[in-house]
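S.K.: Provided below are the primary sequence and the corresponding predicted coordinates.
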Amino acid sequence: MDETIHLSKKDVIWGYIAQFFSIASGIITLPLILHILSKEEIGMNYLMLTIGSLVALFDFGFAPQFGRNITYIFSGAQILKKEGIETNCNKEVNYRLLSTMINTARFVYRRLAFFVLFFMLSIGTMYIYKVTAGFSNIHNSFIIWIVYSISTFFNIYYTYYSSLLTGKGLIMESKKAMIYSKSAYIILTTVFLLLGWGLLGVSLANLISPFVNRYISYHYFFTKDLKQKISSYHITKKEEVELFKIIWYNAKKLGLVFIGSYAITKFGMFLSGLYLSLSDVASYGLLIQLVGLIGGIASTLFSIYEPRFSALRVTRQKKLLLKDFAFSMGIYYCIFFIGSLCLVFIAPSALALIKSNANLPSISLVILYSIIILLEGNHSNFSTIIVTGNSIPFMWVSLITGGLIALFSYLTLTFTHLGLLGLILAQGIVQLSYNNWKWPQVVCKELKINFFLFLKIAFKEVSNRFILLCYGR
């Protein structure tokens with residue numbers, strides 16, 4: 001077993017293709033959904049998606065924790081710690097520990113999935129019952145909701161397969177599984193809608209697609225050789241519980257960080273609906289969506305490299321960690337800058353061309369919000385580098401930040417006439433006061449550089465690797 005996870009050009013290419021399909025799965029089917037479904041069905045569809053994004057918080061940080069610890073195991077770690085990582089590793093994979101980890105992941109996600117299903121069939125059903133006037137204003141609305149609830153169950157239950165693949169360093173394979181799953185969703189949704197199955201067809205497509213992901217992921221991860229190596233071990237319940245305690249130690253912290261992030265990104269939109277006009281709400285929503293899209297594409301390479309960062313941590317290769325991290329961040333800065341320029345100079349004309357009913361806010365607000373999200377994405381990626389060391393020192397900071405942004409957003413909307421500017425400033429000022437500079441400073445201190453030197457290394461790595469790509473060695 002190699003000491004580190006190596007990333008090929010194919011890993012990167014498939015990562016960007018997967019990112020495209022992740023975006024495209026919603027965009028490609030949207031025209032058909034808007035054209036074929038009734039207004040009531042469209043409304044129910046958005047409500048179901050909203051509930052689905054809420055229950056995703058029940059994952060509570062397990063997926064990244066499982067992924068990182070599986071990387072540690074494949075990098076030669078013989079024991080796992082609640083905090084920090086073992087550095088006295090060898091090249092041998094501890095297959096008993098790996099088998100225990102796989103069993104623990106199944107144990108956790110089976111229970112998480114059943115808890116989510118119970119939540120959706122109880123509280124969720126009461127909510128859908130109310131908004132559909134007792135399941136009466138949409139044909140088959142009760143069946144649609146049940147099918148969607150079951151699809152959410154399987155989507156959550158099979159989440160750990162992604163952690164297995166990325167943890168083992170099978171980046172391209174994990175992206176392929178996601179692409180095939182999204183492709184199945186697009187094809188099935190299109191076919192079912194054209195057959196006249198309405199929203200029930202969309203829910204059925206959502207139910208079938210996770211099985212595609214599971215089948216392909218299982219094929220790539222559980223090779224004949226691996227199954228032979230782990231099948232000989234009988235893992236006791238005590239071993240699973242002990243490993244769960246190790247995973248849970250940081251998973252619960254990461255889960256609270258996700259809740260804080262949810263408050264940061266979602267609460268402003270919720271308040272805008274109560275205080276601002278619908279046109280302002282539409283502009284704000286469009287701004288969040290487009291800048292978020294730029295940020296997601298810009299961070300794709302960093303996400304692809306994340307398992308490698310964890311492996312380099314275990315093998316104590318800090319120089320290589322610095323170079324790879326700097327390279328991924330250099331790409332992040334370049335793509336975000338180019339995307340922001342397109343948003344400012346091209347997006348307004350494109351929206352006018354398609355006769356969009358929603359327009360972006362003023363250019364000054366677009367530029368200000370883009371800068372805020374650039375800085376937010378920057379410190380988030382630096383925070384992730386800290387997490388690859390199996391340490392989460394920013395749990396309470398994230399919760400406090402989310403609370404302050406929610407509070408200041410409420411105060412600006414209630415007691416000022418700043419409107420969208422107030423919401424944007426609330427987020428920007430709170431983040432700039434601590435998070436924007438704190439976590440980059442922590443990482444730079446560990447790597448024994450300053451941030452300006454980091455930027456120099458980042459753009460040097462981008463230019464050097466671009467030259468190698470174009471002209472070879």
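M.R.: Arrived safely, thanks for sending.
S.K.: which helices and strands does the helix or strand containing R214 pack with?
M.R.: Using DSSP states H and E, R214 falls within helix 198-221. Under the contact criterion of 3 or more CB pairs under 8 Å, 6 or more residues apart in numbering; DSSP states H and E, helix 198-221 touches helix 9-36, helix 39-55, helix 141-157, helix 160-168, helix 171-194. Heads up, the C-betas are built off the backbone N, CA and C, glycines and all.
S.K.: now the strands for the protein?
M.R.: For the chain, strands defined by DSSP state E do not occur.
S.K.: Determine which of the helices and strands packed on helix 198-221 approaches F327 most closely.
M.R.: Minimum separation from F327 across the helices and strands packed on helix 198-221 (CB to CB) falls at helix 9-36, 10.9 Å.
S.K.: what does the average pLDDT come to for that closest one?
M.R.: Averaged over helix 9-36, pLDDT sits at 66.
S.K.: ok, and for the helix holding R214, which residues are buried?
M.R.: 198-207, 209-210, 212-214, 216-217, 220-221 (16 or more other CB atoms under 10 Å).
S.K.: In PDB, could you pull the C-alpha coordinates for that helix?
M.R.: Provided in PDB are the C-alpha atoms of helix 198-221 (Å, rounded to 0.1, in the frame of the first residue of the first chain):
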ATOM      1  CA  GLY A 198     -46.200  14.000 -12.800                       C
ATOM      2  CA  LEU A 199     -44.500  14.600  -9.400                       C
ATOM      3  CA  LEU A 200     -44.800  10.900  -8.600                       C
ATOM      4  CA  GLY A 201     -42.400  10.300 -11.500                       C
ATOM      5  CA  VAL A 202     -39.900  12.700 -10.000                       C
ATOM      6  CA  SER A 203     -40.100  11.000  -6.600                       C
ATOM      7  CA  LEU A 204     -39.700   7.600  -8.200                       C
ATOM      8  CA  ALA A 205     -36.500   8.800 -10.000                       C
ATOM      9  CA  ASN A 206     -35.200  10.100  -6.700                       C
ATOM     10  CA  LEU A 207     -35.900   6.600  -5.200                       C
ATOM     11  CA  ILE A 208     -34.100   4.600  -7.900                       C
ATOM     12  CA  SER A 209     -31.000   6.700  -8.300                       C
ATOM     13  CA  PRO A 210     -29.300   5.900  -4.900                       C
ATOM     14  CA  PHE A 211     -29.400   2.200  -5.800                       C
ATOM     15  CA  VAL A 212     -27.300   3.000  -8.900                       C
ATOM     16  CA  ASN A 213     -24.800   4.900  -6.700                       C
ATOM     17  CA  ARG A 214     -24.700   2.000  -4.200                       C
ATOM     18  CA  TYR A 215     -24.200  -0.700  -6.900                       C
ATOM     19  CA  ILE A 216     -21.300   1.100  -8.600                       C
ATOM     20  CA  SER A 217     -19.700   2.100  -5.300                       C
ATOM     21  CA  TYR A 218     -19.800  -1.400  -4.000                       C
ATOM     22  CA  HIS A 219     -18.300  -2.700  -7.200                       C
ATOM     23  CA  TYR A 220     -15.300  -0.300  -7.000                       C
ATOM     24  CA  PHE A 221     -14.600  -0.600  -3.300                       C
END
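S.K.: residue ranges with poor pLDDT in the stretch 51-200 of the chain?
M.R.: 53-54, 84-91 (pLDDT under 70).
S.K.: Look at W439 and say how many residues are nearby.
M.R.: 22 (other CB atoms under 10 Å).
S.K.: which ones are touching it?
M.R.: 379, 382-383, 386, 394 (CB atoms under 8 Å, 6 or more residues apart in numbering).
S.K.: If we only consider these, which is nearest to K252?
M.R.: Distances from K252 to these, taken as CB to CB, are shortest for F394 (13.8 Å).
S.K.: For that closest one, report the pLDDT, please.
M.R.: With respect to pLDDT, F394 has a value of 80.
S.K.: Tell me, how many residues neighbour the closest residue to it other than its chain neighbours?
M.R.: The shortest distance from F394 to any non-neighbouring residue, by CB to CB, 6 or more residues apart in numbering, is to S383 (6.0 Å). As a burial measure, S383 scores 21 neighbours (other CB under 10 Å).
S.K.: gap between S383 and G339?
M.R.: 22 Å (CB to CB, to the nearest Å).
S.K.: From I128, how far off is the residue located most distally from the centre of the chain?
M.R.: No residue in the chain sits farther from the centre than S136, which is 35.6 Å out by CA atoms, centre = their mean. Going from S136 to I128 by CB to CB gives 12 Å.
S.K.: go on, F74?
M.R.: 43 Å.
S.K.: burial measure for I230, as a count.
M.R.: 18.
S.K.: right, and it touches M101 too?
M.R.: No - in this structure I230 lies outside contact range of M101 using CB atoms under 8 Å: 10.0 Å.
S.K.: number of nearby residues for the nearest residue to L243 once chain neighbours are set aside?
M.R.: Computed as CB to CB, 6+ apart, the closest residue to L243 that is not its neighbour in sequence is T104, at 4.7 Å. Counted with other CB under 10 Å, residues neighbouring T104 total 25.
S.K.: Also T159?
M.R.: 21.
S.K.: out of the helices and strands packed on helix 198-221, nearest to Y434?
M.R.: Per CB to CB, nearest to Y434 of the helices and strands packed on helix 198-221: helix 39-55, 26.9 Å.
S.K.: average pLDDT for stretch 280-287?
M.R.: Stretch 280-287 shows a mean pLDDT of 74.
S.K.: and the gap between T159 and I392?
M.R.: For T159, the distance to I392 equals 20 Å [CB to CB].
S.K.: wait, doesn't F459 sit right on I331?
M.R.: No - in this structure, F459 is not within contact of I331 by CB under 8 Å, at 10.1 Å.
S.K.: ok, those two, which is more surrounded?
M.R.: Neighbour count, other CB under 10 Å: between F459 and I331, I331 has more, with 22 against 15.
S.K.: Provide a list of residues in contact with that one.
M.R.: 298, 301-302, 462.
S.K.: Which of the residues you listed fall in helices?
M.R.: 298, 301-302, 462 (DSSP state H).
S.K.: Which one of the residues you listed is nearest to F60?
M.R.: Of those, the one sitting nearest to F60 (CB to CB) turns out to be F302, at 22.6 Å.
S.K.: Disregarding residues adjacent in the polypeptide, which is nearest to the closest one?
M.R.: Nearest non-adjacent residue to F302 (CB to CB, 6+ apart): S328, at 4.2 Å.
S.K.: now F408
M.R.: A426 (3.8 Å).
S.K.: wait, that neighbour sits on L413?
M.R.: No - contact criterion CB under 8 Å: A426 and L413 do not qualify, at 9.0 Å.
S.K.: between those two, which one's more packed in?
M.R.: Using other CB under 10 Å as the criterion, A426 and L413 rank with A426 on top: 25 against 21.
S.K.: pLDDT score for the more buried one?
M.R.: Taking A426 on its own, its pLDDT is 91.
S.K.: residues touching it, list them.
M.R.: 268, 405, 408-409, 412.
S.K.: neighbours of V397, just the number please.
M.R.: Neighbours of V397 using other CB under 10 Å come to 16.
S.K.: Surely it and Y434 touch.
M.R.: Yes - at 6.8 Å, V397 counts as touching Y434 under the criterion of CB under 8 Å.
S.K.: Contact partners for Y157?
M.R.: Per CB under 8 Å, 6+ apart, neighbours of Y157: 109-110, 112-113.
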